[in-house]
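Asker: structure, please.
(chains A, B, C and D, ligands or ions: 6)
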Amino acid sequence: MQFKATIVSNQEVSPGYFRMRITAPPELAGAKPGQFVMLRVRDAIDPLLRRPFGIFDVGTVPSEYPGCCSSTYLELLYKVVGKGTETLSTYHHGDHIDVIAPLGTGFDLGDPEEEKILVGGGIGIAPLYYLAKSLVERSRVRFFLGGRNRDDILCVTEFERLGVETYVSTDDGTLGDRGLVTEVMERHIREDGREKTIYACGPMPMLKAVAGIARQTGTPCQVSLEAYMACGMGACLGCVVKGKDHADENPDYRCVCKDGPVFAFDQLMWV
Amino acid sequence: MQFKATIVSNQEVSPGYFRMRITAPPELAGAKPGQFVMLRVRDAIDPLLRRPFGIFDVGTVPSEYPGCCSSTYLELLYKVVGKGTETLSTYHHGDHIDVIAPLGTGFDLGDPEEEKILVGGGIGIAPLYYLAKSLVERSRVRFFLGGRNRDDILCVTEFERLGVETYVSTDDGTLGDRGLVTEVMERHIREDGREKTIYACGPMPMLKAVAGIARQTGTPCQVSLEAYMACGMGACLGCVVKGKDHADENPDYRCVCKDGPVFAFDQLMWV
Amino acid sequence: MNRPDLSVEIAGIKLRNPVMTASGTFGYGEEFAEYVNLEKIGAIITKGLSIKPKAGNPTPRIQETTGGMLNAIGLQNVGIDAFIEKKVPFLRTVDTPAIVNFFGNTLEEYAELAGRLDTIPEVAGVEINISCPNVKHGGIVFGTDPKAAYSVVKAVREATIKPVIVKLSPNVTDIVEMAWACVDAEADALSLINTLTGMAVDLKTRRPVLANVTGGLSGPAVKPVALRMVWQVANAVKVPVIGIGGIMTGTDALEFMLAGASAVQVGTANFLDPAASERIAREMEQYLVENGISDVKELIGALQV
Amino acid sequence: MNRPDLSVEIAGIKLRNPVMTASGTFGYGEEFAEYVNLEKIGAIITKGLSIKPKAGNPTPRIQETTGGMLNAIGLQNVGIDAFIEKKVPFLRTVDTPAIVNFFGNTLEEYAELAGRLDTIPEVAGVEINISCPNVKHGGIVFGTDPKAAYSVVKAVREATIKPVIVKLSPNVTDIVEMAWACVDAEADALSLINTLTGMAVDLKTRRPVLANVTGGLSGPAVKPVALRMVWQVANAVKVPVIGIGGIMTGTDALEFMLAGASAVQVGTANFLDPAASERIAREMEQYLVENGISDVKELIGALQV
Ligand SMILES: Cc1cc2nc3c(=O)[nH]c(=O)nc-3n(C[C@H](O)[C@H](O)[C@H](O)COP(=O)(O)OP(=O)(O)OC[C@H]3O[C@@H](n4cnc5c(N)ncnc54)[C@H](O)[C@@H]3O)c2cc1C
Ligand SMILES: Cc1cc2nc3c(=O)[nH]c(=O)nc-3n(C[C@H](O)[C@H](O)[C@H](O)COP(=O)(O)OP(=O)(O)OC[C@H]3O[C@@H](n4cnc5c(N)ncnc54)[C@H](O)[C@@H]3O)c2cc1C
Ligand SMILES: Cc1cc2nc3c(=O)[nH]c(=O)nc-3n(C[C@H](O)[C@H](O)[C@H](O)COP(=O)(O)O)c2cc1C
Ligand SMILES: Cc1cc2nc3c(=O)[nH]c(=O)nc-3n(C[C@H](O)[C@H](O)[C@H](O)COP(=O)(O)O)c2cc1C
Ligand code: FES
Ligand code: FES
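Answerer: Residues are numbered from 1 along each chain as shown, chains lettered A, B, ... in the order given. Ligands and ions are numbered 1, 2, ... in the order given. As a prediction, the model looks like this:
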C-alpha cells in the first residue's frame, strides 16, 4: 500500500549509518521479515525514482492518550551512499515521507526445530533484525555479522538483547574476529551436525560465498538480494536476476522486487 | 561578487510575501539602489537556474561582541510564485545560500532639488525602499503604492517611517484609494508644476502607463524591469529588451541584467 | 457546472479520459491494480510483446539521470502465448480499453503478431513499437527509416482490422517525415515519443552503467523534446496524435494537448507515484472545472502561435 | 606525488587543462573575469559570431525545464567588426587560447568569416556552428545533412589555416555519419553536442513560452544523450572529440573523457555557478591526485565496454 508516513526519529547510529522510525498504518504490522519499502525521498524530481530499503523492524506502541488506539511504526536502517540517502539523513522528527510498503516476498521462517544461521554483511543486516525477532521465539538463532571495519558493525546490542548469539568479524580486525564473515560462519557451522537453515543478506561476493557453503554442506539457504529498481512492483523488469533455469532462448528471469528480494539460493543462477 | 550568505531571518510579512535578511560581505554596503542579486536557491539542480531579486535594503549592524567589527546585511522582499520562491520561503535563520551581488546598474539619484515620485506595483516595491532611503535625506519623496488587494500592499509603515509621503491604492479598494496606482499618481503630479523625477517598478502594464504619463508630462522617469535571466551578467543574452533605436537590421538590444535593470524610460522601445 | 467531458476517441477507441499508461511502465495492468483504480484511466497499454518470450538484456538495466532515467530492459516479455493465457484474463475483468504494444524482428513477425492479436476480443487496438533503441534488430531500422516504417505499418495494417497506433522514435532528424510515412501506410494514430538513446558512465569502475551500454532516456528531462515533436507532427498529419514524454502532472498532460495531442501516455511517472495516471486524469478534470471548460477536446491543438 | 598533467592538445591548440567554456554561455570571456581566473581554464570559446551584427529572436528567450533549460537567443551577436574592435583587446590580455565560434547563412558567409578570423592572431582556432536550431537559415540544413556539412567544412577549411573544430547537432538520426562527413572535409576536431530542439508551453496563456516557439535544450537533462553521441563518434573517427552537454562537475567531465572525449566544454553550468569552469578543472585534478593518475590523457577513451 501507498501511504504518507511521519518521521518519528532519524538517528546516526554509526558514522554514515542511520536508523529511522516512521509511522505506518496498522496493516503494516502484518509485514513479513524480508519485505521492503520504496521511499519517495523528496516530493520533487531530484532524486526522481523511489529508493528501496529493507524493513529493519515493525512494531506497535500503545497510544499516549488513554482510550486511543495504538499506533504502528516501521524502522529502517540505512547507509548514506548517494543523494537519496543523503537527503533522507537530513530529515527530522515530524517531517513527512511517501512510502509504498510492504513489497516483495519475505523470508520463509521454516521449521522451528532446526537452528537458524543469519549472516549479514555491512548494511545487509537491515532485514535480519526483524527476521531474528520473528525466529528467536521458536528456534535457536546464531547471527554472524561482518563488515570492513568497526564502523560497519551495527546494532550488536539489539540482536543480543533478543537472545541471539552474535559473532562479529571485520576485515581489518578492528572489532570481533579478523576475517570474512563467511569464513567465521563456515567454521562454526561445520563443527556441528544439527539441522539448520541459513539466511543471508549483504554484498554480492558475500552472498556468493554463502551460497557456495550452503551447496557444499547441503544446507538450505535463503538470500536477500539488492538490485536497481524503478517500480518495485514487477512492472518495469529493471531489477531482474537469472533464475536457475535461465537460458537466452528460454528466459528465466525473476524480479527481485516481486519474486524476491528473498530467494532460496538454489533457485538462482550464480555464475 | 559571489558569496555564501547566512540567513538571518525570513518572515512572511503578508500572505505569500516574505522579507528575508541575509549576511553579506562589507563590500555590499556599497550596493546602489536598484541593483539586484542572483540567488542559487538550492545547491542542487532543481531549480536549475539562479533567481533574481531586487535589493530591498542594505545596512550595517554593530557586532554583538565589543571590539569586533560590524557586519553587513542585505534584505530581500519576495513573493512566492513558483518552486524557487517556495523553496526560499522554507528557509530558517542559520541556513545558507549562495549569492551573486550586486548586479546591474542602479537608479540615478539625480538632482536633490527636484521632487522624487516613486511608483510601485505589488512586489515591484522591492527595490524602492532602499531607493527611498537614499533619496529622502536630500529630497522630497512621494511614494505611490498599488496592488490588486490589501494583501499586496507591503511595508507602508517602513516607508512612512523614512519620512516618505505614502499613497496607497488597490484595484478592489480594500486598502487606500480604489483604482490603479498610475491613475492616483497622475492625479497628484498633474496638480503641481514642480520639477520631479519618477522612479517606477512593477508589472509591465503599470510601467507602460507610467512611461506614457512621463512622456505626456515631460517628466524624467526611470523604470526597473524584470526579465527571465540565466546568467545575470550580460553573457547569455536571455534577458534583453529593445532599446529606442532597435531595428532588425541594426539591433539595439539592451541586457536587463547588465545595462539595467534600471533604464531611463526614453531609452527603451515601448511598443 | 456539469462535470466536464474528458472523453476522447482515438482511432475509433473510446476513452473515458485522455490518460493512458505507457508501454513498459505499467506491466500488464494487474501490477498496478492495488494503487490505481484502473477504471478511472483512459486506456492501459501493455508491455511490448513479441511472438516468442524474450529474455531482454543483462543487468543493470536501469539508471537514474538528472530529471530522467535510462532503461535497457531489452523488451523482455512473456510472448504471445503466455500473454493470452496469463494476462488477458485479468484485462478482461477491467472495463478499460487494453491496447497491446508489440514488436517483431522482421516484417513477417510484425504481420504474424498483428494477425494473432486481431483475433483477441479483449484487445481494443495495437500500438506498433518501431522505435525501440535497445534491441539490435528489434526496431532500430524500422523506426529511423521512413521506407522501412512504411512497410512495417503496411504489413500490420493488412494483418488486422483493429485500430493501429504507430509509436515513433525521437532519434531521427525529421520526425515529420517519419510521421508521414506511417500515415501513408494507413496508421490510424501516432504516439510519440519513445525514449531518446542515451548512456551513463561509472567513473569508479570505468564502465558503462548499463550492461547494454546504451539505453533509452525517459522522464521529465525529455519533455521539451517530446512537446516539440508532438507539436510538429500534430501540425503535419490529420490522424490523432498521442503525446508521451515526461508527463508528471495534469498540467503537463494539458500542455501536450494544447500542442496538438488528442490523448497522452504516462510512463516514468508511474514509478514515482503508482497512482500517477489516475491522479493526472483527476488533475485534468479539476483544471477544466476551474476554468469553466466543458470539453477537454476544446484544448486539442489550441496553442496560439 | 607530482602534480598530475592535465594538459591536452586539440587540433594543435595546447590547453593547460581539458576544460573550455561553451559558446554562448560565457559571453566573450570578459563577463566572467570577476568570477573565474581565466588563466586556470583550458580555453575560452566565444559567443557565436556572424559577419554582420545579428538581432536574434524576440523575448522570452529562455525557460527553465526539468534538469535543463531551453534557449532561443537566435544567435544575437555584435558582428565581426565590433568583435575585433571591442572584444579581441580583452582576449589579448588573457593567457588562455580563445576559440571563436561562428556561423553563416550561406557557404560564402562561412568562408568569408573564416578568412577574416584567419588574420586575427588572438584567435587560436575556430569552432564552426553548423547546428544552431534557432535560426531558419543559420545552420539547420548544414547541421543535419552530411553533404551540406561536408561542403561548409570544406569551405572553411580552405579559407583558414587555423585549427578548425566542427560543432555537431544532436538532432540527427545518425551522428556518426555527420562526424564522418566533417572529418572527410578535413575538420581538425569535432565538438558535440549542441542543443536538442525542444519546446515549452504555458497552459495559462495557451502560448509557447518562447517567442520563437522552439528552442535548444541544454543542461544536465541532456547529458545521457551527449555521452552516448560522444562515445559513438569517438569510436568512429580519429580526430579529437570535445564532449559537451550537461557537464556540472569534474566527475561529469571525466565521464566524457572515458567515453572518448579529449576535452570538454562547460555551458549551462556557468549560469548556476559562474566559477564552474575553474572548479571543474580543479575537481578533475583532485580526482587524478586521489587516484594516482599522472596524466589525464590516460583516461581518454579508457571506458571498458
Ligand atoms: C530490496 C532492497 C532493499 C534494500 N535495503 C536497504 C537497506 O535496508 N538499507 C540500505 O542502506 N540500503 C538498502 N538498499 C540499497 C539502497 O536502496 C540504496 O543504497 C539506495 O537506493 C541508494 O540511493 P542513493 O540515492 O543514496 O544513492 P545513488 O546516488 O542512487 O547511488 C549511490 C551508489 O549506490 C549504488 N546504488 C544505488 N541504488 C542501488 C540499489 N538499488 N542497489 C544497489 N546499489 C545501489 C549506486 O551504484 C551508486 O554507487 C536496498 C536495496 C534493495 C534493492
Ligand atoms: C532584476 C529582477 C529583480 C527582481 N526582483 C524581485 C524581487 O525583489 N522580489 C520578487 O519577489 N521577485 C523579483 N523578481 C522576480 C523573481 O525573479 C521571480 O519571481 C522568481 O525568479 C520566480 O522564481 P520561481 O522559481 O519561484 O518561479 P518559477 O517557477 O520560475 O515561475 C513562476 C512564475 O513566475 C514567472 N517568472 C519566473 N521568473 C521570472 C522572472 N525572472 N521575471 C518575471 N517573471 C518570472 C513565470 O513566468 C511563472 O509564471 C525580479 C526579477 C528580476 C529580473
Ligand atoms: C522501463 C521502461 C520500459 C519501456 N518499455 C517499452 C516497451 O516495451 N515498448 C515501448 O514502446 N516503449 C517502452 N518504453 C517507453 C515508454 O513507453 C515511453 O515512451 C517513454 O518512457 C517516454 O515516456 P515517459 O517520459 O513518460 O516515461 C519503456 C520505458 C521505460 C522507462
Ligand atoms: C544561452 C545559450 C546560448 C548558446 N549559444 C550558442 C552559440 O552561439 N553557438 C553555439 O555553437 N552553441 C551555443 N549554445 C550551445 C552551448 O554551447 C552548448 O553546446 C550547449 O548548451 C550544451 O552544453 P551544456 O549542457 O553544458 O549547456 C548556447 C547555449 C545556451 C544555453
Ligand atoms: S523494480 Fe520494476 S520490476 Fe522490479
Ligand atoms: S541574464 Fe544573461 S545576459 Fe542578462
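Asker: what sits against the closest residue to C:Thr268 other than its chain neighbours?
Answerer: In space, and not counting its chain neighbours, C:Thr268 is closest to C:Gly219: 4.1 Å by Cβ to Cβ, 6 or more residues apart in numbering or on different chains. Using the backbone N, CA and C atoms, a C-beta is placed for each residue, glycine as well. Shown here is C:Gly219, whose contacts under the criterion Cβ atoms under 8 Å, 6 or more residues apart in numbering or on different chains are A:Ile45, A:Leu48, C:Thr65, C:Gly67, C:Gly68, C:Met69, C:Gly246, C:Gly267, C:Thr268, D:Thr66.
Asker: just A:Leu237 next, same as before
Answerer: Taking Cβ under 8 Å, 6+ apart as the test, what A:Leu237 contacts is A:Tyr253, A:Cys255, C:Gly24, C:Lys47, C:Gly56, C:Arg61, C:Ile73, C:Gln76.
Asker: residue contacts, the residue lying closest to C:Ala236 once chain neighbours are set aside?
Answerer: Sequence neighbours aside, C:Val176 is the residue nearest to C:Ala236 in space, at 4.6 Å (criterion: Cβ to Cβ, 6+ apart). By Cβ under 8 Å, 6+ apart, C:Val176 lies in contact with C:Gln232, C:Val233, C:Ala236.
Asker: anything in whatever helix or strand C:Val176 lives in near ligand 3?
Answerer: In this assignment (DSSP states H and E), C:Val176 forms part of helix C:175-184. No. Using Cβ under 6 Å from any ligand atom, helix C:175-184 never reaches ligand 3; the gap is at least 13.9 Å.
Asker: excluding chain neighbours, what is closest to the residue in the stretch 101-250 of chain A that chain C sits nearest to?
Answerer: Of all residues in the stretch 101-250 of chain A, the one sitting closest to chain C is A:Ala235 (3.4 Å; Cβ to the nearest Cβ). Nearest non-adjacent residue to A:Ala235, counting by Cβ to Cβ, 6+ apart: C:Gly27, 3.4 Å away.
Asker: helix, strand or coil for the one you found?
Answerer: Judged by DSSP: H, G, I helix; E, B strand; the rest coil, the three-state class of C:Gly27 is coil.
Asker: returning to what we had before: chain center to the helix holding C:Val176: distance?
Answerer: 17 Å (Cα atoms, centre = their mean, to the nearest Å).
Asker: contact partners for the residue lying closest to A:Met269 once chain neighbours are set aside?
Answerer: The spatially closest residue to A:Met269, leaving aside those adjacent along the chain, is A:Lys242, at 4.0 Å (Cβ to Cβ, 6+ apart). Shown in contact with A:Lys242 (Cβ under 8 Å, 6+ apart): A:Asp252, A:Tyr253, A:Arg254, A:Leu268, A:Met269.
Asker: now do A:Ile213
Answerer: A:Ile213 neighbours (Cβ under 8 Å, 6+ apart): A:Thr182, A:Met185, A:Glu186, A:Ile189, A:Ile198, A:Thr219.
Asker: and what of A:Gly121?
Answerer: Contacts for A:Gly121 were tallied using Cβ under 8 Å, 6+ apart; they are A:Gly146, A:Gly147, A:Val181, A:Cys201, A:Gly202, A:Pro203, A:Met206.
Asker: any idea how far the fifth one lies from A:Ala209?
Answerer: Spelled out, that is A:Gly202. As defined by Cβ to Cβ, to the nearest Å, A:Gly202 lies at a distance of 10 Å from A:Ala209.
Asker: higher neighbour count, these two?
Answerer: Just comparing A:Gly202 and A:Ala209: by other Cβ atoms under 10 Å in any protein chain shown the higher neighbour count belongs to A:Gly202, 26 against 20.
Asker: identify the residue nearest that one in space, chain neighbours excluded?
Answerer: A:Gly121 (2.6 Å).
Asker: before we move on, what about C:Val289?
Answerer: C:Pro4 (6.1 Å).
Asker: quick one: buried residues of the helix or strand containing A:Arg215?
Answerer: Per DSSP H and E: A:Arg215 is located in helix A:204-217. For helix A:204-217, burial by neighbour count (16 or more other Cβ atoms under 10 Å in any protein chain shown) applies to A:Met206, A:Leu207, A:Ala209, A:Val210, A:Ala211, A:Ile213, A:Ala214.
Asker: in contact with the closest residue to the second one other than its chain neighbours, which residues?
Answerer: Spatially, and ignoring its direct neighbours in sequence, A:Leu207 is nearest to A:Val223 (5.0 Å; Cβ to Cβ, 6+ apart). Taking Cβ under 8 Å, 6+ apart as the criterion, A:Val223 is in contact with A:Tyr199, A:Ala200, A:Cys201, A:Leu207, A:Val210, A:Ala211, A:Val262, A:Phe263, A:Phe265, A:Leu268.
Asker: burial count for the residue of chain C found nearest ligand 4?
Answerer: Scanning chain C for proximity to ligand 4 using Cβ to the nearest ligand atom identifies C:Thr66 as nearest, at 10.5 Å. Counted with other Cβ under 10 Å, the neighbours of C:Thr66 add up to 27.
Asker: and the one 10 residues further on, by the same measure?
Answerer: C:Gln76 sits with 21 neighbouring residues when counted by other Cβ under 10 Å.
Asker: before we move on, what about C:Gln304?
Answerer: Around C:Gln304 there are 8 residues (other Cβ under 10 Å).
Asker: so it is in contact with D:Arg207, correct?
Answerer: Yes. Counting by Cβ atoms under 8 Å, D:Arg207 is a contact partner of C:Gln304 at 5.3 Å.
Asker: where's C:Ala149, which helix or strand?
Answerer: Secondary structure from DSSP H and E places C:Ala149 in helix C:146-159.
Asker: repeat that for C:Glu109.
Answerer: Following DSSP H and E, the helix or strand that holds C:Glu109 is helix C:107-118.
Asker: buried ones in that helix?
Answerer: C:Glu109, C:Tyr110, C:Ala111, C:Glu112, C:Leu113, C:Ala114, C:Arg116, C:Leu117.
Asker: surely the third one touches C:Val164?
Answerer: No. No contact is recorded between C:Ala111 and C:Val164 when judged using Cβ under 8 Å, the distance being 11.8 Å.
Asker: overlap in contacts of these two?
Answerer: C:Val156.
Asker: and the residue of the stretch 1-150 of chain C found nearest ligand 1, what does it touch?
Answerer: Closest approach between the stretch 1-150 of chain C and ligand 1, counting by Cβ to the nearest ligand atom: C:Glu64, at 6.1 Å. By Cβ under 8 Å, 6+ apart, the contact list for C:Glu64 reads A:Pro47, A:Leu48, A:Leu49.
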